[in-house]
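> Pasting the sequence and the predicted coordinates here, then a few questions.
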Amino acid sequence: MSVLLKKIKINIYSQFKRNLSNNQYKIRRALLYVPGDDPKKINKAYKLDVDCIALDCEDGVAANRKEQARNTIFEFLNNGKPKKSREFDWGVRINSVKSELCQNDLDVILTAQNLPDTISLPKVNDTEELKWFSSQLERFTALKTKISVILFIETAQGIMNLKEICTTAKKLSENRNFEPVALVFGGDDYLADIGARKTDQLTEVLYARQKLVMMAKAFQLQAIDVVYIQYKDLDGLKQQSIEGANMGYTGKQVIHPDQVPVVQEAFLPSEKQIKWAKDLIEAYHKYAASGKGAFNFNGIMVDSPTLKQAENLIKFVEVVGKDTNQ
Ligand SMILES: CC(=O)SCCNC(=O)CCNC(=O)[C@H](O)C(C)(C)COP(=O)(O)OP(=O)(O)OC[C@H]1O[C@@H](n2cnc3c(N)ncnc32)[C@H](O)[C@@H]1OP(=O)(O)O
Ligand SMILES: O=CC(=O)O
Ligand SMILES: [Mg+2]
């Protein structure tokens, strides 16, 4: 970690802690899918320096291997969360409510000796699905503390009903044993659902991609961006990751180990951006003390919204620094 980054950490740590909604906050820059029926890939994922792993029962697993995936994940859960040099999110992606596989998945996953940190619930269409899912969770007495849930929005219905879904998730979580922590934009399923044709610029999903990030922020949830399936093209991945970060996303779905460092790096602000933010915050407070709300900062007008943008950037650096020792 650079000297500059260390200084920032010390300066803003206490202020930042107060701003966190809870101490369970985890970074999820890269969310790596690992097919649940493939022990070799699971063991490989356990050795990677990755923020977030989703052992997959859903689309990464063939229809005739669902049971195999559940049972393999069950065994890995029973063996306990692997020790890594830093904290990471140990999750499972179950099948959607509509698939009719969801209940079987929960029956196996939530009766393991060790529960995952997070359940990913794909293809959430409406609040009825969420109510059904949360009532299912009530059956598992082993759920003594709230389990984190990542909601996947990847259909036209899901995008249309997004505000109600988030409102209901927050409301249900007041009395039920789960906590919504993030929204994922399932761009590939969404494309298929609306019958769009994929372009490199993703203009065909722009509205949904922006709506999801806006709604996530309105409900204090993390926003996790589309998957980049051309997994051998790391330059394209970097470009799309930076684009997502610029839109306000805090992470991205990944499918291959080579994608992990590229994505995790792309979601970190650069040293230049960190210095800009730090200098701006210092200048803002200096000018504010002398009675100026708006001022010239290296040729641009700065006032309160720019200050908030700089603070956002520093807060993000702080969380990453705390969780990854970077
Ligand atoms: C739209 C969605 O829902 S996306 C989520 C669903 N899809 C998925 O989960 C796909 C996950 N990814 C994969 O299955 C694979 O990466 C594929 C099929 C894309 C490519 O697989 P491979 O041809 O085996 O990749 P490759 O040979 O480059 O793999 C290199 C190494 O990484 C391992 N690996 C590949 N993908 C993963 C992964 N997702 N997690 C952990 N390890 C992996 C391979 O086992 C191999 O290990 P080894 O070197 O010890 O033998
Ligand atoms: O699940 C992810 C997607 O893009 O679909
Ligand atoms: Mg999907």
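Thanks, I have it. Ligands and ions are numbered 1, 2, ... in the order given.

> Next to ligand 1 in this structure, residues from the stretch 51-200 of the chain, please.
Contact residues (CB under 6 Å from any ligand atom) of the stretch 51-200 of the chain with ligand 1: 56, 59-60, 188. Using the backbone N, CA and C atoms, a C-beta is placed for each residue, glycine as well.

> Quick check: buried residues in stretch 283-299?
Buried residues in stretch 283-299, counted by 16 or more other CB atoms under 10 Å: 283-284, 287, 297.

> Export the residues you listed as CSV, with columns for distance to P82, pLDDT and secondary structure.
Converted to CSV, the buried residues of stretch 283-299 look like this (distance: CB to CB, whole Å; pLDDT from 0 to 100; DSSP: H, G, I helix; E, B strand; the rest coil):
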residue, distance to P82, pLDDT, secondary structure
A283, 45, 97, helix
Y284, 44, 97, helix
Y287, 50, 97, helix
F297, 46, 97, strand
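
> how about a markdown table for those, with distance to F74 added?
Output for these, formatted as a markdown table (distance: CB to CB, whole Å):
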| residue | distance to F74 |
| --- | --- |
| A283 | 55 |
| Y284 | 53 |
| Y287 | 59 |
| F297 | 56 |
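
> contacting residues around E129?
E129 makes contact with 96-98, according to CB atoms under 8 Å, 6 or more residues apart in numbering.

> Which of these are buried, as a PyMOL select command?
Buried residues among the contacts of E129 (16+ other CB under 10 Å), as a PyMOL selection:
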select buried, resi 96+97
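
> Mark which of the contacts of E129 are part of helices, please.
With helices defined by DSSP state H, no entry of the contacts of E129 lies inside them.

> Relative to ligand 2, which of the contacts of E129 is nearest.
For those, the closest approach to ligand 2 (CB to the nearest ligand atom) belongs to S96, at 10.2 Å.

> Which elements pack onto the helix or strand where K275 lies?
Taking DSSP states H and E as the criterion, K275 maps to helix 271-289. On a contact count with 3 or more CB pairs under 8 Å, 6 or more residues apart in numbering; DSSP states H and E, helix 271-289 meets helix 3-19, strand 295-297, strand 300-302, helix 304-324.

> Swap in 7 Å and give it another go.
Contact here means 3 or more CB pairs under 7 Å, 6 or more residues apart in numbering; DSSP states H and E; on that basis helix 271-289 packs against helix 3-19, strand 295-297, helix 304-324.

> so S120 sits in a helix?
No: using DSSP: H, G, I helix; E, B strand; the rest coil, the assignment for S120 is strand, not a helix.

> change the start of the numbering to 52 and stick with it
New numbering, starting at 52: the last item is S171.

> per-residue pLDDT, it?
Per-residue pLDDT puts S171 at 98.

> what pairs with it across the strands?
Listed by DSSP bridges, the beta-bridge partners for S171 are R144, I201.

> Residue numbers of the chain in contact with ligand 2?
Counting by CB under 6 Å from any ligand atom, the chain sits next to ligand 2 at 205, 237-240, 277-278.

> If we check ligand 3, which of the residues you listed are in contact?
Among the residues of the chain next to ligand 2, the ones lying near ligand 3 by CB under 5 Å from the ion are 205, 237, 240.
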